[in-house]
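Undergrad: pasting the sequence and the predicted model now:
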Amino acid sequence: MANTVGSMSLSLLGAFDFRVRGVHVDLPKPTERLVAFLALQRRPITRHRAAGVLWPDVPEERSLGSLRSALWRLRQTSTDVVDLREAKLSLGPATELDIEVLGNIWRDLLDPAGVDAVGVDASLFGAELLPGWYDDWVVFERERLRQMSLHALEALSGRHTRAGRHADAVEAAWRAIALEPLRESAHGALIDAHLAESNICEAVRRFRDYARLLQREVGVAPSAALTARVTVAVEARGGTLPSFREVT
């Protein structure tokens with residue numbers, strides 16, 4: 001039975017979850033893998049490529065047979081899940097995809113002319129793509145989405161800081177740090193949020209903690225740019241930022 005646009009949704013973040021008209025649909029594992037694979041492709045692919053990637057350890061004839069079986073099972077759920085135009089495969093346009101929605105928000109956040117970030121929930125970013133799946137095509141995409149989330153959270157923190165929404169800025173920055181504890185730009189976003197709120201002591205404390213972490217883990221100091229930002233803020237209050245040796 002055909003479905004109307006928007007009647008199907010697919011979530012790959014946190015766990016695989018396919019729904020038709022809001023109701024979860026259990027799919028056989030091979031069919032799940034086919035749906036997830038098509039969802040992560042950026043263009044239609046040939047049947048031979050899909051079969052070769054999803055069933056790499058069997059002869060081509062058998063892998064193509066497994067693909068036909070998975071497609072048949074999938075089309076029993078809905079004829080709109082897979083688009084078969086031009087003898088290639090792609091996820092049908094009737095399916096709402098969570099990583100696509102996230103990508104649109106990410107592009108808005110990175111666009112200087114994008115929409116106001118006031119309605120963007122920082123918790124949208126950071127969920128792991130298909131946890132427990134270790135196929136190469138998942139692992140590569142998982143890292144891409146992790147990097148996307150880091151940039152989005154830093155951009156979100158910066159937007160909140162510039163708009164005076166300091167608590168939201170701090171929250172977004174902390175989420176970025178949780179994803180990558182050694183990432184300087186994430187710590188910088190957090191420090192900037194505290195400085196914008198005139199919480200100089202909190203900013204210096206966060207800088208010191210980051211300097212100690214960086215020294216302990218990789219044996220280097222924070223960048224000159226980050227150090228300068230904190231130094232200028234401290235000196236504007238008539239103080240002096242301790243040297244790196246004193247900090248660590």
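TA: Yes, it's here.

Undergrad: need the per-residue pLDDT for Val118.
TA: Note on Val118: pLDDT of 84.

Undergrad: that one reaches Gly164, doesn't it?
TA: No - contact criterion CB atoms under 8 Å: Val118 and Gly164 do not qualify, at 10.9 Å. The C-beta positions use only the backbone N, C-alpha and C, and glycine is treated the same way.

Undergrad: in this structure, which spans are helices?
TA: 29-40, 47-54, 60-77, 98-110, 136-162, 166-179, 184-196, 200-218, 224-236, 244-247 (DSSP state H).

Undergrad: which one, of the ones you listed, ends up nearest to Leu129?
TA: helix 136-162 (4.2 Å; CB to CB).

Undergrad: average model confidence for the closest one?
TA: Mean predicted lDDT for helix 136-162 stands at 95.

Undergrad: got it, and stretch 45-59?
TA: According to the model, stretch 45-59 has a mean pLDDT of 94.

Undergrad: alpha carbons of it, as CSV, please.
TA: What follows is stretch 45-59, C-alpha atoms only, in CSV (Å, rounded to 0.1, in the frame of the first residue of the first chain):
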residue,chain,number,x,y,z
ILE,A,45,23.4,3.7,-6.3
THR,A,46,23.3,0.6,-8.5
ARG,A,47,21.9,-2.7,-7.3
HIS,A,48,25.3,-4.3,-7.8
ARG,A,49,27.0,-1.8,-5.5
ALA,A,50,24.4,-2.1,-2.8
ALA,A,51,24.6,-5.9,-3.0
GLY,A,52,28.4,-5.9,-2.9
VAL,A,53,28.6,-3.6,0.1
LEU,A,54,25.9,-5.2,2.1
TRP,A,55,26.8,-8.8,1.3
PRO,A,56,30.5,-8.7,0.6
ASP,A,57,31.5,-12.2,1.6
VAL,A,58,29.3,-14.2,-0.9
PRO,A,59,29.3,-14.6,-4.7
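
Undergrad: buried residues, it. List them.
TA: 47, 50-51, 53-55 (16 or more other CB atoms under 10 Å).

Undergrad: could I get these in JSON lines, plus columns for distance to Pro181?
TA: Below are these laid out as JSON lines (distance: CB to CB, whole Å):
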{"residue": "Arg47", "distance to Pro181": "43"}
{"residue": "Ala50", "distance to Pro181": "38"}
{"residue": "Ala51", "distance to Pro181": "41"}
{"residue": "Val53", "distance to Pro181": "33"}
{"residue": "Leu54", "distance to Pro181": "35"}
{"residue": "Trp55", "distance to Pro181": "38"}
